[in-house]
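Asker: Sequence and predicted structure, then a few things I'm wondering about:
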Amino acid sequence: MRGRSRSELLLDVSAGPYTVRGVSLGGVYTSLQVPQLGALLDVGIPIRAFAGTDRIFLSHGHGDHVGALFGLLGIRGLLHRKEAPKVFLPAPIAGPIAEAISAMERLQRHALPVDLVPMVAGDEHRLRPDLWVRAFRTHHPVPSLGYLFFDRVAKLKAAYADLPGREIGRRKAAGEDLFETRERLELAYATDTLIRVLDTAPAIARARVLILECTFLDGRKSLEASRAGCHIHLDELLEAAPRLENERVVLMHFSQIYTPREVHAILADRLPPELAEKVVVFAPRSGPWPG
Ligand SMILES: [Zn+2]
Ligand SMILES: [Zn+2]
């Protein structure tokens, strides 16, 4: 009998300084952990190794993104964590999610503690001394959000850039305000959206890493049909490529009309070299989709 190792279920890729781990298949499941951010992005499948993650970010209420939240919270209960996980989610789905959790609690007859954090586009939260998150609008037929993780760093104001170090030190000691706060955009997560997200949230194209859906890849799904479902088609991404200033772009949420091998082959064939060198394909190199 052949077994299947955990590493065969979970894909693990590097994107700049970040690790993106998990599974993603359009309409089936998306659940990605970025350990450096202590973040779990969507819960379309209850992965045991992710149950200890304290911050969960839900993009929208479709089953392939939230359907396994209740299972994951159950697994978390086995860990005897004192703290309830924070679940950041679009404000309009906070009520239904709370009701679903409550129904699950009644089914199981034990509590599934969570700390729901309803968000609207533009809301931000400080997650750690060096990490913030801001929600941005995505474009899908149900309430949806993307999340941009960033740091705030003090930078010398441009007017002082040419001063020698000694002079900067002297002025600083004299109490002069030499610095301004800048945002360092680290990682953006945008799934289940029209490509228009690049117009309405242009900052995500400047984040160091962009995790972006690209559900459809060729003529097997027309551009019109892809847009009707509010998803990104590779034709649109190729057109938008010059705007992507990211160091790495992780493409995910591919449709199951493609095998993993086809996803790699189509992207290898269609991506221009300048985009190919920054794209990380979130699909197994061979074999079937997990599960
Ligand atoms: Zn989806
Ligand atoms: Zn969706």
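Answerer: Alright, I've got the coordinates. The structure displayed is predicted, hence computed values, not measured ones. Ligands and ions are numbered 1, 2, ... in the order given.

Asker: Now do the strands in the stretch 101-250 of the chain.
Answerer: Along the stretch 101-250 of the chain, the stretches classed as strands by DSSP state E, counting those that start in this stretch are 115-119, 124-128, 131-137, 145-156, 179-190, 209-213, 248-252.

Asker: which other helices and strands contact the second one?
Answerer: Other elements packing on strand 124-128 under the criterion 3 or more CB pairs under 8 Å, 6 or more residues apart in numbering; DSSP states H and E are strand 131-137. Just so you know, the C-beta spots here come from the backbone N, C-alpha and C atoms, and that holds for glycine as well.

Asker: Strand partners (parallel or antiparallel) of the strand it packs on?
Answerer: Sheet neighbours of strand 131-137, with direction, are listed as strand 124-128 (antiparallel), strand 145-156 (antiparallel) (DSSP bridges).

Asker: so what's whichever residue of the stretch 151-291 of the chain sits closest to ligand 1 up against?
Answerer: Across the stretch 151-291 of the chain, the shortest distance to ligand 1 (CB to the ion) belongs to Asp192, at 4.5 Å. With contact set as CB atoms under 8 Å, 6 or more residues apart in numbering, Asp192 has these partners: 59-60, 62, 65, 138, 140, 144, 213, 230-231, 253.

Asker: and with 10 Å instead?
Answerer: Shown in contact with Asp192 (CB atoms under 10 Å, 6 or more residues apart in numbering): 26-27, 30, 42, 59-60, 62, 64-65, 138-142, 144, 146, 213, 215, 229-232, 253.

Asker: filter those residues down to the ones close to ligand 2.
Answerer: Under the cut-off given by CB under 5 Å from the ion, ligand 2 has His62 from these close to it.

Asker: Show the buried residues in the contacts of Asp192.
Answerer: Burial by neighbour count, 16 or more other CB atoms under 10 Å: within these this picks out 26-27, 30, 42, 59-60, 62, 64-65, 138-140, 144, 146, 213, 215, 229-232, 253.

Asker: Quick check: the gap between Glu124 and Ser286.
Answerer: Distance, Glu124 to Ser286, by CB to CB, to the nearest Å: 41 Å.
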